[in-house]
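Visitor: Here is a sequence with its predicted model. Questions after.
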Amino acid sequence: MPRLLALATLLAAMLHACPASAQPAERRTLAATRRRGPIAIDGALDEADWARARVGADFVERLPRPGATPPVRTEVRVLVDPQALYVAVTSFLAEGETPRALELTRDSSRVWSDDAVTVKLDVRQDRRSTVGFAVNPAGARVDFVALDNGRSFRREVDMVWDVATRVHEDRWIAEFRIPVAALRLPPGREGQIFGFNVTRDHNARLATYDWSHLPPEFGAMSALHYGDLSDVEELGGGRPFIVTPYVLASAAGQDDLTAMTGDLAVDLGLKAGGELRLRLADDVWGELTALTDFAEVDLDSQVVNLDRFPLFFPERRPFFLTGLDVFEFGALGEAQLFFSRRIGLDAAARPVPIYGGIKAYGREGFLSFGVLDVATEATVDQPGANYGVARVRANLGDASYIGALFGSRAFISDRDGFFGDLDPEPHWTAGLDGLVRALDGRLEINGFGAFTAREGTDAAEGLAGRAEVRWRGEQWMPSASVLYIQDGFAPELGFVRRPAILQGNAEIPWVTRNPAPGIRDIRLAASGRVEASDLADELLRLSGGWNAGLTLQDGHELLADASYIHDVVREPFDLVGDVTIAPGEYRGAIMRAQFNSSSVRNPVVGVSVSAQNGFFGGFAYRGEASLAASIGPHFRTSIEAAGALLDLPGRDLIPTLAVNSVFSITPSPWVVLDLVGQLNTVSERVIGMARLRWRYLPGSDLFLVYREQLDYGDEVTERRVTLKLSYRYDVLL
């Protein structure tokens, strides 16, 4: 514990030593107009309220020419009433232009490959977080949350809002209605202001325009550079109450192909549950889930892991995604004190039944906070458990903070199920973190310190910490970080890629934009990493190299990189199949070349090849290829394949292959049928899935899923049919 206090002192000193980040010299401001009459969300903008609404124009080009004036005009208007925010965006077209709209699927990132408009709101003015809503001319929509100015971006959130589009000869219009509940807003206050921006993606020019200019080096979700939306003090009244019950029926069976009996044992299941969401105070929200089911969750992609460290898969489940701006802690994908996929999923990503959970989160003054408690059932692999997390963060100045997190896991005895005794050997975690931005947000310093402990006969404890400094210049964007993970640090609610290390990282990227006709940008970078044991007495890994990228004005991209790697394996591990890698030192180089066609053209193609010597004493040749094509707006196919050929001493050539493919049929933005095929030759598994999703009412869905999995090494086939119906009921108390 003294070591944790020492890290807390270091973080506090960092925060005290650096000034709060300076605001840009001037922020653009648009005042919302009070709605007087009814508004039909139809894309027509023929109501009198729209005619008298203030107009925001003079958009600024971000790509391909940062800071330039776009050749076509874009206008935004905002109306407000106590229940919702109304935003209208008019995108004017060049003569003879027809906006592209090939995507119809909800929550698809391909919306931004069409013509699209995106409304971005920083409703708490923390200059870090974004709630966003996007649409293309066909009405395909995306809602999302971006945290820490885009460092974490999640499309899996599911908010209820409305939008309509209409295409005219010289313009296309998007008309949004965004309710209070979607924004998680506190009651309206006098003088309330939101961070606000609107982005237009203009496909014909492969260009992007922003109402409030976003410097490209900060990215598309830099809330630091949003403008202000004023006169919204009456928005947010009432107490939203949301109930979403569901019923689920399933049939599952397993076929042992070696038995040759033809019999298929089928298990039938019927369950019900739901979620409840309520504003508890001005800016405090509570959620309750009972008998949670995630039958509609997408399959994780098939990946062949050619290393000894675990792969990182992001969270997809909606219940765990709300309140993300509070609960995130640590270095994403490297060392996280809390990682919600550890709850309700086992190590193989198989669902673990959840009895229920409760969550509360929000903000009071400068303090943001959140608490989460979830209980899971016992399975054949692990006992039932109770997981608890508490988080608090003090927001300091503009986009800076210092915070703390505490978590615990206690197993529940099988006796009496959920009401069984907690085991006497619990696990707990604690940590402190902080972030400082200075010099117009270009200088960023962040870090965390954490401690884990497990009590009882298997008692263990460990410490971890990280510090990073980053500069965001127009051309130079260097960064450096140090990560320490002590042997014994094992957050059972979190994720650690490699334990017991002392790691240093440095990267110096450089970019120049529009250096010559036909070239959008050129990027060069040098990077290095050194990893030693946590006692710094043994070198574990040393790597360094360069990478280069060239983007043409038409969006095509060429990439190349080369690295030298010195890797030390301390313990034997299984690589693939019956291949075991012996302890030792392995040195070599890897070279890679990649081509990606423009993501805003149809079809989209990507190809990557690499060669590595010193791959655990041998050679590795890898290739990746992807193809995505739309056949009009209603049909789309995509396939990704990643393969490798391993040439290891004393063995025949070892091929590996992972394939992920999807064929989508989308009659309308409300109905989509996905046909999914996956192959993994290492796990010897083939998966086929057909999933129909019908959003029959706002926030209410019907899912019909058929999944078949063939483990051809064991000659076992598993089949499952799932029907899930949910209904969302909203009321403003």
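Guide: Perfect, I can see it now. Predicted model only: the values in this text are computed from it and were never measured. Residues are numbered from 1 along each chain as shown.

Visitor: what stretches of the stretch 1-150 of the chain score poorly on pLDDT?
Guide: 1-25 (pLDDT under 70).

Visitor: Strands of that one, residue ranges please.
Guide: With DSSP state E, counting those that start in this stretch as the criterion, the stretch 1-150 of the chain has strands at 29-31, 33-34, 60-63, 74-80, 84-92, 116-122, 130-135, 141-147.

Visitor: Point out the most buried one among those.
Guide: Mean neighbour count, computed with mean count of other C-beta atoms under 10 Å, is highest for strand 116-122 among the strands of the stretch 1-150 of the chain, reaching a mean of 26. The C-beta positions use only the backbone N, C-alpha and C, and glycine is treated the same way.

Visitor: What lies in contact with that one?
Guide: With contacts defined as C-beta atoms under 8 Å, 6 or more residues apart in numbering, strand 116-122 is touched by 85, 87, 89, 91, 112, 128-136, 174, 176, 178, 183, 194-201, 221, 223, 226, 229.

Visitor: got any ranges where the chain has weak pLDDT?
Guide: In the chain, residues with pLDDT under 70: 1-25, 184-191, 236-238, 256-266, 293-298, 324-325, 347-349, 398, 413-424, 457.

Visitor: Now do the domain split for it, please.
Guide: 1-24+282-298+307-461, 33-230, 247-271+669-733 (automatic domain parsing).

Visitor: start to end distance for the last one?
Guide: Right, the one you point to is domain 247-271+669-733. One end of domain 247-271+669-733 sits 26 Å from the other (C-alpha to C-alpha, to the nearest Å).

Visitor: returning to what we had before: comparing the domains of the chain, which stretch has the densest surroundings?
Guide: Among the domains of the chain, highest average neighbours (mean count of other C-beta under 10 Å) belong to domain 33-230, with a mean of 20.

Visitor: That one: how far from the chain's middle?
Guide: Domain 33-230 sits 20 Å away from the centroid of its parent chain (C-alpha atoms, centre = their mean, to the nearest Å).

Visitor: for stretch 630-644, same thing?
Guide: Taking C-alpha atoms, centre = their mean, one finds the center of stretch 630-644 at 22 Å from the center of the full chain.

Visitor: re earlier: in TSV, list the strands of the stretch 1-150 of the chain along with distance to residue 408.
Guide: Below are these laid out as TSV (distance: least, C-beta to C-beta, whole Å):
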stretch	distance to residue 408
strand 29-31	46
strand 33-34	48
strand 60-63	45
strand 74-80	43
strand 84-92	39
strand 116-122	33
strand 130-135	30
strand 141-147	24
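
Visitor: out of those, nearest to residue 587?
Guide: Set against residue 587 and scored by C-beta to C-beta, the strands of the stretch 1-150 of the chain come closest in strand 141-147, at 38.8 Å.

Visitor: Partner strands of the closest one, with direction?
Guide: Looking at strand 141-147 with DSSP bridges, its partner strands are strand 130-135 (antiparallel), strand 152-154 (antiparallel).

Visitor: what residues does the shortest one touch?
Guide: Strand 152-154 is contacted from outside by 144-147, 221, 314-315, 321, 324, 328, 332, using C-beta under 8 Å, 6+ apart.

Visitor: same deal with the longest one?
Guide: The set of residues external to strand 130-135 that reach it, using C-beta under 8 Å, 6+ apart, is 111-112, 116-123, 141-147, 150, 159, 161, 163, 165, 174, 176, 178, 182-184, 195, 221, 223.

Visitor: Name the nearest residue to residue 76, ignoring sequence neighbours.
Guide: Spatial nearest neighbour of residue 76, chain neighbours left out: residue 56 (4.4 Å); criterion: C-beta to C-beta, 6 or more residues apart in numbering.

Visitor: ok, now which ones touch that neighbour?
Guide: Neighbour list for residue 56: 28, 30, 75-78, 198, 211 [criterion: C-beta under 8 Å, 6+ apart].

Visitor: How about residue 657?
Guide: Applying C-beta under 8 Å, 6+ apart to residue 657 gives the contacts 304, 641-643, 679-681.

Visitor: Would you format the residues you listed as JSON lines with distance to residue 610 and secondary structure included?
Guide: Converted to JSON lines, the contacts of residue 657 look like this (distance: C-beta to C-beta, whole Å; DSSP: H, G, I helix; E, B strand; the rest coil):
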{"residue": "304", "distance to residue 610": "14", "secondary structure": "coil"}
{"residue": "641", "distance to residue 610": "15", "secondary structure": "strand"}
{"residue": "642", "distance to residue 610": "11", "secondary structure": "strand"}
{"residue": "643", "distance to residue 610": "11", "secondary structure": "strand"}
{"residue": "679", "distance to residue 610": "21", "secondary structure": "strand"}
{"residue": "680", "distance to residue 610": "20", "secondary structure": "strand"}
{"residue": "681", "distance to residue 610": "19", "secondary structure": "coil"}
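
Visitor: Now distance to residue 411 too, for those residues, in TSV please.
Guide: Shown next, in TSV, are the contacts of residue 657 (distance: C-beta to C-beta, whole Å):
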residue	distance to residue 411
304	33
641	41
642	38
643	41
679	37
680	32
681	36
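
Visitor: and which of these is nearest residue 547?
Guide: Out of the contacts of residue 657, the member with the shortest distance to residue 547 (by C-beta to C-beta) is residue 642, at 19.2 Å.
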